[in-house]
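>>> Sharing a sequence plus its predicted fold:
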Amino acid sequence: MLDREDWLPLARKLDWEFSYTTEQQVFPEVISGHPWLPQSSWQDWEESFKTSYREYVQNQHEKDMAVYAVRDAVGRLENVQSLATPWINGLKIHAAALPLAEFTGTIGNLRGARFGRDSAWRAMACFGALDEFRHTQIPLLLMHELVRWNSQFDWAHKFYHTNNWFAIAARHFFDELTLGQNAIEFHIATNVILETGFTNLQFVGLASLAHEAGDYLFEKMVTSIQTDEARHAQIGHPVLTLVMKHDPDYAQYLIDKWFWRNWHLFSILTGVSMDYLTARDQRSGSFKEFMDEWIVDQFFRTLDEFGLKKPWYWDIFLDELDTYHHMIYSTAYTYRSTLWFDFVMPSPSDRKWLRQKYPKYWNDMDAVWERIGERWKAVGPGPDNERLVLGSALPAFCELCQLPLSAGTPHNNTANVLAHEGNDFIFCSQPCRWIFLREPERYANHKGLVKRVLSGEAPTDFKALLTYFSLTPDTWGKDVYAGDYDWLQRGGAATP
């Protein structure tokens with residue numbers, strides 16, 4: 001019997017010449033990707049993780065057993081109920097955002113498993129598809145028991161099936177990233193940008209915070225997922241190498257485009273949880289510090305490795321590190337009844353910590369919370385007064401990322417408009433506008449929330465809009481404490 005080192009290379013490289021059709025027909029460019037090259041150009045494709053199906057199944061079984069063991073030990077309802085309330089609401093965000101987004105990754109990897117240009121690439125993409133299906137099942141399994149306690153956890157199952165404004169934005173991102181891509185763009189956008197960079201922040205950084213918060217089940221869930229991501233993330237690097245060799249301008253565009261697309265979504269998912277929904281004494285660092293460690297430095301190393309340049313918008317991105325997730329959180333707090341999880345106001349000591357971590361623009365951000373605090377003091381705390389401290393008009397959304405126009409600061413509005421083929425479009429930032437202009441045929445006809453309202457598909461009345469968002473009084477977002485903070489005395493000043 002052959003040793004593993006002897007038979008595995010033979011089993012991985014199984015490409016052949018076609019006798020009754022052409023290579024272009026088997027691997028059409030529209031779905032295999034640009035640049036289209038003959039298989040001989042791809043035959044040296046290699047990734048660092050070389051595994052067999054038997055090894056894959058054994059490793060995944062062991063990881064699943066570890067997750068089940070932690071669930072049995074600390075995954076009971078009372079364990080979750082003992083966690084800090086703000087953290088539980090961060091858990092609701094990730095419970096909704098993860099499962100079906102991971103499932104779309106299954107479909108994207110299956111496209112690579114069929115239309116990837118080398119047999120080893122196709123085999124790894126097949127394992128990647130199995131990984132993503134596992135990542136779909138784990139959060140659905142672990143969050144299912146929580147639905148009977150808190151109906152907001154049901155959004156783990158229903159989020160992507162709703163017309164909620166954040167679901168529209170998330171679907172817009174993941175549908176383009178995973179469902180509407182050719183194999184080359186999918187593996188560069190997903191493996192090189194999303195999984196090599198942003199999911200490290202999402203899963204490693206949040207796992208650290210989960211440990212500090214005492215949420216060992218969430219910690220185990222995300223670290224178990226990350227071990228898979230680290231393996232199939234390697235698919236994208238050899239793909240990018242060959243694209244860079246044959247069309248470096250296109251490679252640069254894909255990196256620039258997808259870094260920005262990932263940044264906006266993950267700054268919300270991760271930034272809000274790290275800086276607002278984690279207790280201050282449990283934070284090992286700010287979101288920006290995690291970004292500097294896990295994204296900025298690593299991204300520079302990737303650029304150097306492939307001979308790529310910094311994106312043209314790099315200074316804009318660095319500015320947004322100090323502003324974007326803060327603006328989004330204050331916007332979401334104001335319109336919290338349009339979402340499925342609850343919010344907390346940052347206390348004076350929280351805001352002091354945020355000022356230390358984000359000194360450049362915090363005065364602008366702090367003024368927003370001062371105004372919200374004054375409103376709570378004016379109306380008084382209590383669930384009956386929630387509606388008096390809420391936004392009741394539909395916010396505007398970016399035509400590219402589909403997120404609220406909350407880039408910039410209250411004193412520096414970065415929104416800008418574009419007239420294109422007789423229609424007006426509005427964007428939250430210059431990079432979103434730039435991406436739109438590069439591929440207007442991909443984005444111009446998307447029916448965002450405002451277009452749905454204008455066409456009569458969605459209601460104009462705000463209360464009816466909440467029903468359109470699939471929200472009920474039991475599930476729509478509220479202030480966790482209904483404005484009843486010990487530091488927010490009615491008629492008095494908040495003190496640090």
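Yep, it's here.

>>> From now on I want contacts and neighbour counts done on CA atoms only, so please keep to that.
Will do.

>>> I figured residue 210 hits residue 222, correct?
No - counting by CA atoms under 8 Å, residue 222 is not a contact partner of residue 210; they are 9.6 Å apart.

>>> what are the ranges of the helices in the stretch 151-300 of the chain?
Per DSSP state H, counting those that start in this stretch, the stretch 151-300 of the chain carries helices over the ranges 155-158, 165-174, 183-187, 199, 206-213, 216-232, 236-246, 248-275, 287-291, 297-306.

>>> Equivalent analysis for the stretch 1-150 of the chain, please.
4-12, 23-26, 29-32, 39-42, 53-74, 77-81, 85-97, 99-115, 119-144.

>>> tell me the SS of residue 318?
Three-state assignment for residue 318 (DSSP: H, G, I helix; E, B strand; the rest coil): helix.

>>> Kindly state the pLDDT recorded for it?
Note on residue 318: pLDDT of 93.

>>> From the structure, what's the count of residues near it?
13 (other CA atoms under 10 Å).

>>> Quick check: closest non-adjacent residue to the residue positioned nearest the centre of the chain.
By CA atoms, centre = their mean, the chain has its centre lying nearest to residue 266, at 4.0 Å. In this structure, residue 266 finds its nearest non-sequential neighbour in residue 198, 7.2 Å apart by CA to CA, 6 or more residues apart in numbering.

>>> can you pull the contacts of the one you found?
262-263, 266, 294-295 (CA atoms under 8 Å, 6 or more residues apart in numbering).

>>> can you check residue 236 too?
187-188, 190-192.

>>> same thing with residue 89?
277, 341-343.

>>> Mind doing that once more with 6 Å?
Neighbour list for residue 89: 341-342 [criterion: CA atoms under 6 Å, 6 or more residues apart in numbering].

>>> So it versus residue 320, what's the distance?
From residue 89 across to residue 320, the span is 24 Å (CA to CA, to the nearest Å).

>>> One more: residue 368?
If you go by CA to CA, the gap between residue 368 and residue 320 works out to 17 Å.

>>> The two - which one has more neighbours?
Using other CA under 10 Å as the criterion, residue 368 and residue 320 rank with residue 320 on top: 20 against 15.

>>> Provide a list of residues in contact with the more buried one.
Counting by CA under 6 Å, 6+ apart, residue 320 has no contacts.

>>> what's the helix or strand for residue 425?
Residue 425 belongs to strand 423-427 when assigned by DSSP states H and E.

>>> per-residue confidence at the residue nearest to residue 216 when sequence neighbours are not counted?
Sequence neighbours aside, residue 210 is the residue nearest to residue 216 in space, at 6.5 Å (criterion: CA to CA, 6+ apart). Per-residue pLDDT puts residue 210 at 89.

>>> Please look at residue 210 and residue 217 and confirm they touch.
No - taking contacts as CA atoms under 6 Å, residue 210 lies outside contact range of residue 217: 8.5 Å.

>>> quick revisit: export the contacts of residue 198 as TSV, with columns for distance to residue 82.
Shown next, in TSV, are the contacts of residue 198 (distance: CA to CA, whole Å):
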residue	distance to residue 82
262	33
263	32
266	27
294	30
295	32
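
>>> Check which residues of the strand holding residue 425 are buried.
Buried residues in strand 423-427, counting neighbours by 16 or more other CA atoms under 10 Å, are found at 425-427.

>>> Stretch 410-422 too?
So for stretch 410-422, counting by 16+ other CA under 10 Å, buried means residue 415.

>>> Now do stretch 11-18: everything it contacts.
So stretch 11-18 is contacted by 119-120 (CA under 6 Å, 6+ apart).

>>> 7 Å instead, please
Outside stretch 11-18, the residues that touch it by CA atoms under 7 Å, 6 or more residues apart in numbering are 118-120.

>>> For that stretch, buried residues please.
For stretch 11-18, using 16+ other CA under 10 Å, the buried residues are 12-13.

>>> what's around residue 367, how many residues?
Residue 367: 12 surrounding residues under other CA under 10 Å.

>>> can you tell me how far it sits from residue 204?
Distance from residue 367 to residue 204, by CA to CA: 33 Å.

>>> got any ranges where the stretch 1-150 of the chain has weak pLDDT?
Within the stretch 1-150 of the chain, the ranges that satisfy pLDDT under 70 run 1.

>>> circling back: widest-spaced pair of the contacts of residue 198?
262 and 294 (14.0 Å; CA to CA).

>>> thinking again about what came up before, from the chain's centre, how far out does the strand holding residue 425 sit?
A distance of 24 Å separates the centroid of the chain from that of strand 423-427, by CA atoms, centre = their mean, to the nearest Å.

>>> Which neighbouring elements make contact with the helix or strand that it is followed by?
Using DSSP H and E, the helix or strand that follows strand 423-427 in sequence is helix 430-438. If contacts are counted by 3 or more CA pairs under 7 Å, 6 or more residues apart in numbering; DSSP states H and E, helix 430-438 sits against no helix or strand.

>>> one step back: state the distance from the residue nearest to the centre of the chain to residue 395.
For residue 266 relative to residue 395 (CA to CA), the value is 21 Å.

>>> domain ranges for this structure?
What automatic domain parsing lists as the domains of the chain is 55-321, 395-459.

>>> what about those domains, which gets the closest to residue 30?
Closest approach to residue 30 among the domains of the chain (CA to CA): domain 55-321, 6.6 Å.

>>> gap between the two ends of that closest one?
With CA to CA, one end of domain 55-321 sits 41 Å from the other.

>>> How far off centre is that domain?
Remark: domain 55-321 is offset 6 Å from the chain centroid, using CA atoms, centre = their mean.

>>> And for stretch 422-437?
For stretch 422-437, the distance to the chain centre is 21 Å (CA atoms, centre = their mean).

>>> what's it in contact with?
257, 313, 398-401, 405-407, 414-419, 443.

>>> can you do 10 Å?
253, 256-258, 260-261, 264, 311-314, 316-317, 396-408, 413-420, 440, 442-444 (CA atoms under 10 Å, 6 or more residues apart in numbering).

>>> Just the buried ones from those residues, in ChimeraX syntax?
Buried residues within the contacts of stretch 422-437, by 16+ other CA under 10 Å, are selected in ChimeraX with:
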select :256,257,258,260,261,264,311,317,396,397,398,399,400,401,402,403,404,405,406,407,408,415,443,444
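
>>> wait, what's in contact with the nearest residue to residue 151 once chain neighbours are set aside?
The spatial neighbour of residue 151 that comes closest, neighbours along the chain excluded (CA to CA, 6+ apart), is residue 475 at 6.4 Å. Residues in contact with residue 475, defined by CA under 10 Å, 6+ apart, are 150-155, 337-342.

>>> on that earlier part again, specify which member of the buried residues of strand 423-427 is nearest to residue 97.
residue 427 (23.5 Å).

>>> All set now, cheers.
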